[in-house]
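Participant: From the sequence below, what's the structure:
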Amino acid sequence: MNPNDHLAALQVVIPLLATPLVVLLRSHRLAWATTTLTSLMAFIIAIALTMGVMSGHDYQYFMGSWPAPYGIELRVDALSALILLIITGASTFALFAAYHSIDDQIGSHRQPLFYAAWLLALAGLSGIAVAGDAFNIFVFMEISSLASYVLVAGGPDKRALPAVYKYLIFGTVGATFYLIGVGLIYMMTGTLNLADMAVRIQEVSDQNPVLVAAGFITVGLALKAAVFPLHIWLPNAYTFAPHVVTVFLAACATKVALYVLLRFDFFVFQPNLSGHEFQFAYFLMPLAILAILIASAVAMFEKNLKRLLAWSSIAQIGYIMLGVSLVDMAGLTASILHIFNHAIAKGSLFLAVACLALHFRDLNLTKIAGSARAMPWTMAAFVIAGLSLIGVPGTAGFISKWYLITAVLSMGIAGIALAAVIVIGSLMAVVYVWRIVEHAYFQVPENPVSAREAPLGILTVTWIAVLANLYFGLNPDLPVALSTSAASTLIGYIP
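Facilitator: Numbers count the residues shown, from 1 in each chain. Below is the predicted model of the structure:
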């Protein structure tokens, strides 16, 4: 075995081992430093795995040296490498920002427990990305979900409690549906390993239980991913969570659920179930269109800054699902690329919001009026990230939307209509981003507050994330190469 193959296991093991250590630390600053260093190590491992994947190496690791399908297999290819970059990068950037942001929201005596939950969420999300069997995906899904509930409820706002309760209910229903589906497949195939499952399903004579399983798994993961109209839990969870938690979860949580959905649908179901490709495409496409238009419309009239961006996330998930519903190479490439680019854009926006929140405790648009005068660097970062969210040329968001428009136009007349939806959704994004810019730059505050620019540490982290939007907009080779490779792998499973 190549020593570098151990990196797949270390991606999960290191955060898990650091968790009890953080719990035992009494100093909240030491707990933050340990958590941040652990996350940074995970980020470096993800970069190393990505470099290996780019050089043509797919990582495969067997826990306890038991080969698949009898043992637990960890696997990293182009798709999982991209997801790992998003998870560990979002965690690391959010934790650096937490040094200045978290003390105002969580007492120092509770912070070691908060950071321990953070590491569990990091380990769980990373574990989902590397797991090669359906049951361990469920185990890591539960670890990350339970930890995420703690993180969302960790702030001082009591409205976070009903928000996290709704999040818990929907998350539990989603996980239950997923587990029912996995149980049905296991009943028919006798295996939980995804690669082995894809082979054995072909030998199943009665496909009805497998079709039922596909329905349960798709709906369960759609709940986890906040796919419209199963998105009800997301706006409040993002709004009332501590600001750095929103940075972390908004960048990666729903993307991980979408990753599992892609794995199952293109790897296990579509190659083996007659007609499933048609059903998948024509069931998801209308929902994707509705998500883009309705969620964007709600965002246009939303007054709370974080809730506005949360509704924007639902619309962006619609763009991702629209590309997936094309069930072809171009559409998949565009969707996977948008997963990466939206994570960067939305993470940058919520980092800017965390900077604003240091002085503007009420994030209602009327309350942040005139904030650009007091915090020019923060609002400049917000504007650039907002341009990426819209899809302005020169930003990362433009690249994935261009790929998506190119993909839908290959459909002929129907493609023109879908391209119009994408353009209309982007114009609606212009409206709700402009509302924020208008209040920050051109409105006079009703009750002026003595605000000043955010501390250099959190501002630096925010600008690094913002500049990444520009870098990957001008030099998109890495995400495009990963997305193309991941799409070709997934689409290759369809005969």
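
Participant: And the strands in the stretch 51-200 of the chain?
Facilitator: 59-62, 73-76 (DSSP state E, counting those that start in this stretch).

Participant: what does the stretch 201-350 of the chain give?
Facilitator: Under DSSP E, counting those that start in this stretch, the stretch 201-350 of the chain gives no strands.

Participant: low pLDDT regions in it?
Facilitator: In the predicted model of the stretch 201-350 of the chain, residues 271-276 satisfy pLDDT under 70.

Participant: how does it look with 90?
Facilitator: Flagging of the stretch 201-350 of the chain using pLDDT under 90 yields the residue ranges 201-215, 218-219, 226-234, 236-244, 250-254, 262-285, 303, 305, 323-331.

Participant: Relative to residue 331, how far out is residue 491?
Facilitator: 9 Å (CB to CB, to the nearest Å). Bear in mind the C-beta positions are built from the backbone N, C-alpha and C, glycine included.

Participant: So between the two, which is more surrounded?
Facilitator: residue 331 (24 against 17; other CB atoms under 10 Å).

Participant: My guess is that one contacts residue 325. True?
Facilitator: Yes - using CB atoms under 8 Å, residue 331 is in contact with residue 325, at 7.2 Å.

Participant: looking at the protein, which residue lies furthest from center?
Facilitator: In the chain, the greatest distance from the average C-alpha position (CA atoms, centre = their mean) is reached by residue 205, at 37.1 Å.

Participant: Report pLDDT for residue 68.
Facilitator: Residue 68 is assigned 69 on the pLDDT scale.

Participant: And residue 9, by the same measure?
Facilitator: Note for residue 9: predicted pLDDT of 85.

Participant: secondary structure element for it?
Facilitator: Residue 9 belongs to helix 6-24 when assigned by DSSP states H and E.

Participant: Give me the contacts around stretch 386-405.
Facilitator: In this structure, residues lying in contact with stretch 386-405 by CB atoms under 8 Å, 6 or more residues apart in numbering are 312, 316, 319, 322-323, 330-331, 333-335, 337-338, 340-342, 344-346, 348-349, 384, 419, 422-423, 426, 429-430, 433, 436-437, 468-470, 472-474, 476, 479-480.

Participant: For it, what does the pLDDT average out to?
Facilitator: Mean predicted confidence for stretch 386-405 is 91.

Participant: mind exporting that stretch as CSV, just the C-alpha atoms?
Facilitator: This file holds the C-alpha atoms of stretch 386-405, laid out as CSV (Å, rounded to 0.1, in the frame of the first residue of the first chain):
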residue,chain,number,x,y,z
GLY,A,386,-21.9,39.4,-4.2
LEU,A,387,-20.7,39.9,-7.8
SER,A,388,-19.5,36.3,-7.8
LEU,A,389,-22.8,35.2,-6.5
ILE,A,390,-24.5,37.0,-9.3
GLY,A,391,-22.1,35.6,-11.9
VAL,A,392,-20.4,38.7,-13.2
PRO,A,393,-17.5,38.0,-15.6
GLY,A,394,-14.1,37.8,-13.9
THR,A,395,-15.5,36.0,-10.8
ALA,A,396,-15.8,32.3,-10.1
GLY,A,397,-19.6,32.5,-10.2
PHE,A,398,-19.5,33.5,-13.8
ILE,A,399,-17.5,30.4,-14.8
SER,A,400,-20.0,27.8,-13.5
LYS,A,401,-23.1,29.8,-14.7
TRP,A,402,-21.5,30.0,-18.2
TYR,A,403,-20.9,26.3,-18.2
LEU,A,404,-24.5,25.7,-17.1
ILE,A,405,-25.9,28.0,-19.8
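
Participant: Mind listing what's buried along it?
Facilitator: For stretch 386-405, the neighbour count (16 or more other CB atoms under 10 Å) marks 386-392, 395-405 as buried.

Participant: Surely residue 249 touches residue 241?
Facilitator: Yes - applying CB under 8 Å, one finds residue 249 in contact with residue 241, separated by 6.9 Å.

Participant: Same drill for these two, tell me which one is more crowded.
Facilitator: A count of neighbours by other CB under 10 Å puts residue 241 above the other of residue 249 and residue 241, at 29 against 26.

Participant: Grab the nearest non-local neighbour of the more buried one.
Facilitator: residue 152 (4.2 Å; CB to CB, 6 or more residues apart in numbering).

Participant: if I pick residue 225, what's in contact with it?
Facilitator: 254, 255, 257, 258, 261, 317.

Participant: Could you find the closest non-adjacent residue to the first one?
Facilitator: Taking CB to CB, 6+ apart, and ignoring the residues beside it in sequence, residue 254 has residue 225 as its nearest neighbour in space, at 4.7 Å.

Participant: Which segments of this protein make up each domain?
Facilitator: For the chain, automatic domain parsing gives the domain ranges 1-274, 285-495.

Participant: Quick one: low-confidence residue ranges for the stretch 1-150 of the chain.
Facilitator: 1-12, 22-29, 31-32, 51-79, 97-114, 131-136, 150.

Participant: What is the burial count for residue 144?
Facilitator: So residue 144, with other CB under 10 Å, has 27 neighbours.

Participant: so it touches residue 131, yeah?
Facilitator: No - using CB under 8 Å, residue 144 is not in contact with residue 131; the gap is 11.6 Å.

Participant: and the residue lying closest to residue 155 once chain neighbours are set aside, what is it in contact with?
Facilitator: Spatial nearest neighbour of residue 155, excluding adjacent residues (CB to CB, 6+ apart): residue 242 at 4.1 Å. Counting by CB under 8 Å, 6+ apart, residue 242 touches 101, 102, 105, 106, 151, 152, 154, 155.

Participant: show me what contacts the fourth one?
Facilitator: With contact set as CB under 8 Å, 6+ apart, residue 106 has these partners: 114, 154, 155, 156, 242.

Participant: switch to 10 Å and redo it
Facilitator: 28, 98, 113, 114, 115, 151, 154, 155, 156, 242, 244, 245 (CB atoms under 10 Å, 6 or more residues apart in numbering).

Participant: Surely the last one touches residue 167?
Facilitator: This points to residue 245. No - at 11.8 Å, residue 245 does not count as touching residue 167 under the criterion of CB atoms under 10 Å.

Participant: Pick out whichever of these two has more residues nearby.
Facilitator: More neighbours surround residue 245 than the other of residue 245 and residue 167, with 32 against 24 (other CB under 10 Å).

Participant: what's the burial count for the closest residue in space to the more buried one that isn't next to it in sequence?
Facilitator: Excluding the flanking residues, the one nearest residue 245 by CB to CB, 6+ apart is residue 151, at 4.6 Å. Neighbours of residue 151 under the rule other CB under 10 Å: 26.

Participant: how much space between residue 151 and residue 247?
Facilitator: 11 Å.

Participant: list residues touching both of the two?
Facilitator: With CB under 10 Å, 6+ apart, residue 151 and residue 247 have common neighbours residue 241.

Participant: For residue 307, which residues are in contact?
Facilitator: So residue 307 contacts 234, 235, 236, 238, 239, 240, 298, 299, 363, 364 (CB under 10 Å, 6+ apart).

Participant: In CSV, could you pull the C-alpha coordinates for stretch 233-249?
Facilitator: C-alpha atoms of stretch 233-249 as CSV (Å, rounded to 0.1, in the frame of the first residue of the first chain):
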residue,chain,number,x,y,z
TRP,A,233,-35.3,24.2,7.9
LEU,A,234,-32.5,26.1,6.2
PRO,A,235,-33.4,29.9,6.5
ASN,A,236,-33.8,29.9,10.2
ALA,A,237,-30.9,27.6,10.8
TYR,A,238,-28.6,30.0,8.9
THR,A,239,-30.1,33.1,10.4
PHE,A,240,-29.9,32.3,14.1
ALA,A,241,-26.7,30.2,14.2
PRO,A,242,-23.5,31.9,15.4
HIS,A,243,-22.0,33.8,12.5
VAL,A,244,-18.9,31.6,12.0
VAL,A,245,-21.1,28.5,12.1
THR,A,246,-23.1,29.9,9.3
VAL,A,247,-19.9,30.5,7.3
PHE,A,248,-19.0,26.8,7.8
LEU,A,249,-22.4,25.2,7.2
